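Q: Any chance you can model this:
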Amino acid sequence: MHSQDSRVGVADNRVLMKLTLENLSSHLKGRLAPLYLLTGDEALLVAEAGDAIRARARADGFTEREVHFIERAADW
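A: Numbers count the residues shown, from 1 in each chain. Model (predicted):
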């Protein structure tokens, strides 16, 4: 992989990407991924990223979503 490649791994022939707020907008112009995991130290930035993804999904006709919260005390 090239250093500018945003792929961080491959699982079952699916490319995993690490997106940042800087490249999320351009990513959302293409095909949506089947799953997004949002993490970060800044709650407002995480919320804004989620809002952008949901807006794009609604524009494509998606009406449902699932939200899962993992807490530190989770028993894996």
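
Q: Now do the helices in this structure.
A: In the chain, the segments counted as helices under DSSP state H are 21-27, 43-59.

Q: In a markdown table, list those helices along with mean neighbour count, distance to residue 75 and mean pLDDT.
A: C-beta: built from backbone N, CA, C; applies to glycine. Listed next are these as a markdown table, based on neighbours: other Cβ atoms under 10 Å; distance: least, Cβ to Cβ, whole Å; pLDDT from 0 to 100:
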| stretch | mean neighbour count | distance to residue 75 | mean pLDDT |
| --- | --- | --- | --- |
| helix 21-27 | 12 | 32 | 92 |
| helix 43-59 | 13 | 24 | 95 |
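
Q: Reformat those helices as CSV; add distance to residue 33.
A: Output for the helices of the chain, formatted as CSV (distance: least, Cβ to Cβ, whole Å):
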stretch, distance to residue 33
helix 21-27, 8
helix 43-59, 9
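
Q: Between the ones you listed, which one is closest to residue 69.
A: helix 43-59 (11.9 Å; Cβ to Cβ).

Q: which other helices and strands contact that closest one?
A: helix 21-27 (3 or more Cβ pairs under 8 Å, 6 or more residues apart in numbering; DSSP states H and E).

Q: run the last query once more with 6 Å
A: Helix 43-59 is packed against no helix or strand, with contacts defined by 3 or more Cβ pairs under 6 Å, 6 or more residues apart in numbering; DSSP states H and E.
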